[in-house]
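*Asks:* turn this into a model:
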Amino acid sequence: MVAVFLVGMSVAAFYGAFVSGLGILRVTRENLRATQILEERMEVIRLIRWDDVAPGFIPPTFTASHAGTNTSTGVVYQGTVTVTNAPISEKYAGDLRMIQVDLKWKSGNVWRTRQMTTFVSKYGLQNHIY
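*Replies:* The predicted model follows:
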């Protein structure tokens, strides 16, 4: 009887650890995909011309998905892009824009968010590429 009890407890502990490990793996995968989506948006923004760095040219909202291994229950990421003047008071403030990309998604029953912010200068990288 004691042996059956110990085996039962071991199996229950192993099952709990296995389920927990799979949950952590899922959340890690979702976080990595969120970082990839944010980085992709930042790379596109980094290369646009100064005249186009304004609200309206850059779409203010977007969605991206990640199906993972189960295509019927994929994760949908909802993103927003905010273009504002840089929050500085220096004389070059008119030649600088702050772009913030926010991303949120529902993981299980929990809403998760990530955010990236960058600054774009009027005389920045885009003048050297085009």
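*Asks:* work out for me the element the residue nearest the centre of the chain sits within.
*Replies:* Per C-alpha atoms, centre = their mean, the C-alpha nearest to the average position across the chain is that of Ala34, at 3.0 Å. Assessed by DSSP states H and E, Ala34 sits inside helix 2-46.
*Asks:* who does the following helix or strand past that helix pair up with?
*Replies:* For helix 2-46, the following helix or strand on the C-terminal side (DSSP H and E) is strand 61-66. In the sheet, strand 61-66 lines up against strand 75-85 (antiparallel) (DSSP bridges).
*Asks:* send me the strand it pairs with as PDB with only the CA atoms.
*Replies:* Extracted C-alpha coordinates of strand 75-85, given in PDB (Å, rounded to 0.1, in the frame of the first residue of the first chain):
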ATOM      1  CA  VAL A  75      -1.600  33.500 -30.900                       C
ATOM      2  CA  VAL A  76      -2.700  36.800 -32.400                       C
ATOM      3  CA  TYR A  77      -0.500  39.800 -31.500                       C
ATOM      4  CA  GLN A  78      -2.100  43.200 -31.600                       C
ATOM      5  CA  GLY A  79       0.300  46.200 -32.100                       C
ATOM      6  CA  THR A  80       0.100  49.900 -32.100                       C
ATOM      7  CA  VAL A  81       2.700  52.400 -33.400                       C
ATOM      8  CA  THR A  82       2.800  55.900 -31.900                       C
ATOM      9  CA  VAL A  83       4.900  58.700 -33.500                       C
ATOM     10  CA  THR A  84       5.400  61.800 -31.400                       C
ATOM     11  CA  ASN A  85       7.900  64.600 -31.000                       C
END
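*Asks:* what's the angle between the helix or strand just after it and strand 75-85?
*Replies:* Going down the chain from strand 75-85, the next helix or strand is strand 96-107, by DSSP H and E. Between strand 96-107 and strand 75-85, the angle comes out at 160 degrees (axes from the mean of the first three to the mean of the last three C-alpha atoms, to 10 degrees).
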